[in-house]
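S.K.: need a 3D model of the sequence below.
(one chain, ligands or ions: 1)
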Amino acid sequence: MAVARSMRTGRIRVLTASFISMLMGGVIGLLAVPAGAVAGDLLTNGSFDTGTAGAGWSTTASGGLEVWDYSSMASYTQWTQNLATYDGPNFAELNSNEAGTLYQDVVTVPGDVLNWSLGHRARAGNFGTDVMKVLAGPGGGSGASGLTEQIPLTWDGGPIPVAGSANMPDTGAAWGVWTGSYIVPAGQTLTRFAFQAVSSASGDSSYGNFLDGIAFGHVGMTNVTVTADSPSSISASASVPSIGYVTSPATTSSDWTSEPACSVYATADSSFATPLTGVQPAGNYVTHCTGGSSGSYYVATRVDGSLTITAIPAPPPSGGGGGGGTAPETPSPSTSPSPSVSAEPSSSPPAPGTQAALDPIRTPDNPNIPAGGIPVGGSVLLVGGQPVPMTVTPNAKSDPVGLVFTAPG
Ligand SMILES: [Ca+2]
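M.R.: Here you go, the predicted model:
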């Protein structure tokens, strides 16, 4: 075509937080982030205005990336209507000498939610519509190979023109503002973010699809601080509690694509490598959250919590034969790690000297026994001694009262 194009080095410009905020209707911040994740925009030169024209980008088009300088557009009003750029002095033309794919690879964290936004318009004034689409997938490959079409979420702040379609049509009358979201698949530590020309109003694949102000990353997200939500103290006879989390500002579970996982760790486990489960001995522990992703919130910081597990005082020894009724035929805990306890609940009152002793297998002394009793096949934790989970089964006599408590082997 006879239309000249301008390629030059644009002046240095940084995509500002206020601009992104305006674009996405959100708030952006650059606070501390979890290891491996990067705050803000992941792209280099996403608006084609920084450093050498086209720096950071690759294209499958044989003619290379074509960058327009807005100051040159006044000469081409028949094509451009002298419309203002979308962001900064320069923008790119997706159809350079052919319908190409423009792309950039960025380092990503699997499971992360990355938002994107861009401005798009047709080149040929009001005379028609140019169509492009966004692609994304694993980086490091050849061109658009292995990438998948991305369906935008919004167009000019509202619904996209054709629901479920990846095509992004815009005329030359104004820049269309598009946004979308991408969840980094498992194992994908390098992601390719790409743009592909679909059609040009001109019918000539060598021009069409102006593209500008591209952002891809944690943009348009409100920063949140995740704190492991732990009780200050639990009993050593209870299992480690299920640790939740709280955020500041407050969010709800529906705000998260995948929710943070929080657990309890030994204080010496500074890398949080081994989450603890089951009954733990008395002592001090730490709580910690990992993971979690959201399209609206970006985890700016994580705050670890602390947890103290307290021991229940052991009951005084009952002595010999003071309990009345049928004393449990209990092997000594110190000599048998897997006691089998046959318990015949007694209606006889305890001897005065043992009034304060806790009965490990009867409610209400044992808070682990539910109000409705212990279901056959269920399990219960003893109190007043070594905290061993016990499985409850009917005794050999099928006596509905007698139960056998068996510690796991
Ligand atoms: Ca620009």
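
S.K.: could you report the neighbour count for the residue of the stretch 151-300 of the chain found nearest the ion?
M.R.: In the stretch 151-300 of the chain, the residue that lies nearest the ion is Asp212 (4.5 Å; C-beta to the ion). Yep, even glycine has a C-beta here, placed from its N, CA and C like the rest. If you count neighbours by other C-beta atoms under 10 Å, Asp212 ends up with 23.

S.K.: and if you look at Val184?
M.R.: Neighbour tally, Val184, other C-beta under 10 Å: 20.

S.K.: quick one, what contacts it?
M.R.: Counting by C-beta atoms under 8 Å, 6 or more residues apart in numbering, Val184 touches Thr108, Val109, Pro110, Gly111, Asp112, Val113, Leu114, Thr191.

S.K.: cool, Ala228 as well?
M.R.: Ile243, Gly244, Tyr245, Cys262, Thr287, His288, Cys289, Val303, Asp304, Gly305.

S.K.: quick check: closest non-adjacent residue to it.
M.R.: Thr287 (3.6 Å; C-beta to C-beta, 6 or more residues apart in numbering).

S.K.: what residues sit buried inside the helix or strand the one you found falls within?
M.R.: Thr287 belongs to strand 283-290 when assigned by DSSP states H and E. Within strand 283-290, the residues that count as buried by 16 or more other C-beta atoms under 10 Å are Tyr285, Val286, Thr287, His288, Cys289, Thr290.

S.K.: quick revisit: who does the residue of the stretch 151-300 of the chain closest to the ion bridge with?
M.R.: Gly119 (DSSP bridges).

S.K.: and for the one 5 residues further on?
M.R.: Partner residues in beta bridges with Gly217: Asp41, Asn115, with DSSP bridges as the criterion.

S.K.: circling back to that earlier point, ok, the buried residues of strand 283-290 vs Ile309, which is closest?
M.R.: Comparing those against Ile309 with C-beta to C-beta places Tyr285 closest, at 6.5 Å.

S.K.: ok, that closest one touching Pro275?
M.R.: No - using C-beta atoms under 8 Å, Tyr285 is not in contact with Pro275, being 10.6 Å away.

S.K.: overlap in contacts, the two.
M.R.: Val264, Tyr265.

S.K.: all helices of the stretch 51-200 of the chain, in order?
M.R.: 77-80 (DSSP state H, counting those that start in this stretch).

S.K.: related to what we said a few turns ago, identify the residues contacting the strand holding Thr287?
M.R.: Contacts for strand 283-290 (C-beta under 8 Å, 6+ apart): 226-230, 243, 245, 260-267, 269, 272, 276, 302, 304-309.

S.K.: are any of those buried, and if so which?
M.R.: So, by 16+ other C-beta under 10 Å, the buried ones in the contacts of strand 283-290 are 226-228, 230, 243, 245, 260, 262-266, 272, 276, 302, 305, 307, 309.

S.K.: just the ones of these in helices?
M.R.: Using DSSP state H to define helices, no part of the buried ones among the contacts of strand 283-290 is located there.

S.K.: the ion next: which of the residues you listed are close?
M.R.: When C-beta under 5 Å from the ion is applied, no member of those is adjacent to the ion.

S.K.: among the residues you listed, which are located in strands?
M.R.: Among the buried ones among the contacts of strand 283-290, DSSP state E puts 226-228, 245, 262-266, 302, 305, 307, 309 in strands.

S.K.: now these in CSV, with distance to Ala236 and pLDDT?
M.R.: Listed next are those as CSV, based on distance: C-beta to C-beta, whole Å; pLDDT from 0 to 100:
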residue, distance to Ala236, pLDDT
Val226, 28, 94
Thr227, 24, 93
Ala228, 20, 93
Tyr245, 24, 94
Cys262, 21, 93
Ser263, 18, 93
Val264, 13, 94
Tyr265, 17, 95
Ala266, 15, 96
Arg302, 27, 91
Gly305, 19, 90
Leu307, 12, 92
Ile309, 5, 90
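
S.K.: hmm, who's touching stretch 108-117?
M.R.: 20, 23-24, 34, 36-37, 42, 134, 150, 177-191, 193, 213-221, 257-258, 291, 293-295.

S.K.: correct me if wrong: Thr308 contacts Ser232.
M.R.: Yes - at 6.2 Å, Thr308 counts as touching Ser232 under the criterion of C-beta under 8 Å.

S.K.: any buried residues in stretch 195-203, and which?
M.R.: Phe195, Gln196, Ala197, Val198, Ser199, Ser200, Ala201, Ser202.
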